[in-house]
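In: coords below, sequence missing:
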Ligand code: ADP
Ligand code: MG
């Protein structure tokens, strides 16, 4: 730490900060050695395999400090990686957190960020077992790795969709993209609409029920828009798909906000970003069981389309006419 940091953070120093983080961490029996040694030591449950996923969140690329309060930024930083483990039908168990901290970040910011991160962790029985802390000369960088576990035959991949399967999605789509658009244009946005963007909830319970019951043939979390993300399932399963846009589930706040529009901005729902809902495919004989699973978890699931044998993903209206898609999922390199 250099002297340009706030005095509280500079006094605390790197090791003081790590101790402060480790003092707030909850743990469980699988963690033999957590924060404080050169590496963490954990045990994997008998018969299970290890799953690992990592994500970077860069200030002004993935979030803005002026829009995202530190508490919800901390929650989301972990939620997005937990969501990846959930999308594999697996149990998130352990996390690593690496921070590059710019000199204008206050200790209060870090405390609030950590409160959010650790609240998300304990809500999902995830233990923070380590990480790295360094200074940044520019933006705040957050890198999170989550590890999970699952029995071999319960892990759900992107590659298992079969022509004729239903395509399902949990919750609602489009809030995050609409919320972001409104923030970017400087409009006031309701808190309900912003929850999807600033504080997404990883769909762990329903993912686990689906995996346990063997109901999902393929699954992915929606982080780049349903068209792009279902497109990954299609590609890796060697299938295509029709997405029925009139069936796409919209939240009450999305409907309320767009009520006066001449057309529903479906491109936001199809190609907008980070809803962190689950998109999965399943055999049509399992419809009732799937609805039951979702009910048990207190969430909605909606059938939004069908897996086809021809390649390519089409967005279609109820009458079969194709919806003209204007943009692809958020692409960092465009
Ligand atoms: P090393 O120099 O061996 O990499 P560090 O000083 O970076 O060790 O880390 C000391 C301990 O603190 C390690 O257990 C590491 O995993 C943990 N740690 C460092 N930064 C963080 C962080 N931001 N969150 C959680 N644990 C951290
Ligand atoms: Mg280190």
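Out: The structure has been received and is ready for your questions. Note that the coordinates shown come from a computational prediction; the quantities given were computed from them, not determined experimentally. Ligands and ions are numbered 1, 2, ... in the order given.

In: make it CA atoms for all contacts and neighbour counts henceforth
Out: OK.

In: can you give me the helices for the stretch 1-150 of the chain?
Out: Secondary structure of the stretch 1-150 of the chain (DSSP state H, counting those that start in this stretch): helices at 7-23, 70-86, 107-123.

In: of those helices, which approaches ligand 1 most closely?
Out: Nearest to ligand 1, of all the helices of the stretch 1-150 of the chain, is helix 7-23, at 5.5 Å by C-alpha to the nearest ligand atom.

In: ok, back up a step: which of the helices of the stretch 1-150 of the chain is buried the deepest?
Out: With neighbours defined as mean count of other C-alpha atoms under 10 Å, the helices of the stretch 1-150 of the chain peak in mean count at helix 70-86, which reaches a mean of 26.

In: ok, now which ones touch the nearest residue to residue 112 once chain neighbours are set aside?
Out: Nearest non-adjacent residue to residue 112, counting by C-alpha to C-alpha, 6 or more residues apart in numbering: residue 71, 4.8 Å away. Counting by C-alpha atoms under 8 Å, 6 or more residues apart in numbering, residue 71 touches 112-117.

In: which residues in the stretch 51-200 of the chain form strands?
Out: In the stretch 51-200 of the chain, the segments counted as strands under DSSP state E, counting those that start in this stretch are 91-102, 127-136, 141-151, 166-170.

In: So which bits of the last one are buried?
Out: The neighbour-count criterion (16 or more other C-alpha atoms under 10 Å) identifies 166-170 as the buried residues of strand 166-170.

In: any idea which residue sits dead centre in this protein?
Out: Geometric centre of the chain, nearest residue: residue 80, 3.3 Å, by C-alpha atoms, centre = their mean.

In: so who does it touch?
Out: Residues near residue 80 by C-alpha under 8 Å, 6+ apart: 55, 200, 202, 276.

In: which of those residues tops the neighbour count?
Out: The residue in those with the most neighbours, by other C-alpha atoms under 10 Å, is residue 276 (29 neighbours).

In: Okay, the nearest residue to that residue once chain neighbours are set aside and ligand 1: tell me how far apart.
Out: Nearest residue to residue 276 in three dimensions, chain neighbours excluded: residue 222, at 4.8 Å (C-alpha to C-alpha, 6+ apart). Residue 222 sits 27 Å away from ligand 1, going by C-alpha to the nearest ligand atom, to the nearest Å.
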